[in-house]
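[1] Just the structure for this:
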Amino acid sequence: MVFTVTPLYALPLALIYLILWFRVTSWRGANGVSIGDAGNPLLLQRIRQHGNFAEWTFFILILMILAEGMNAPDLYLHISGGLLLVGRIAHPFGLKIDNAGHPLRYVGNGTNILAALNAMVCLGVNILGL
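    Here you go, the predicted structure:
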């Protein structure tokens, strides 16, 4: 099986993942913090931006890979991938310590949930043979 749709989204998402990782690691190196956030709100925010990205991205990419492996229609894979990419770009800008209601946080979370649900429906339809 050759996967053609999911990798289109996995590559830019991997780049974003590395950027978010670098933001955490460079701050740690510059400030001598090996583990934890040392009580620094900026580092805590960066850790959560990176962690939230990892938590959602890999979960949805796995669902997409499974759906693509079961020959889900490309359109539905693109819907999940597009929603995931938009959400993962928006969310770090909206995940702020001092503003739990930032609009980009809602965009990020909302698109992730829709992407996951779409991929889950693709899997369910294929599993049930509908």
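
[2] Check which helix or strand the closest residue to Asn118 other than its chain neighbours maps to.
    Take Asn118 and drop its neighbours on the chain: the residue closest to it by Cβ to Cβ, 6 or more residues apart in numbering is Ser80, 4.7 Å away. All C-beta atoms are positioned from the backbone trio N, CA, C, and that covers glycine. Assessed by DSSP states H and E, Ser80 sits inside helix 74-94.

[3] That helix: what's the following helix or strand?
    helix 103-128.

[4] Show the pLDDT at the most centrally placed residue in the chain.
    With distances taken as Cα atoms, centre = their mean, Thr57 lies nearest the centre of the chain, 3.0 Å away. Listed pLDDT for Thr57 reads 97.

[5] What's the separation between it and Gly108?
    In this view, Thr57 and Gly108 are 11 Å apart by Cβ to Cβ, to the nearest Å.

[6] Please apply the same query to Asn52.
    Noted for Asn52: a distance of 8 Å to Gly108, by Cβ to Cβ.

[7] the more surrounded of those two?
    Gly108 (25 against 19; other Cβ atoms under 10 Å).
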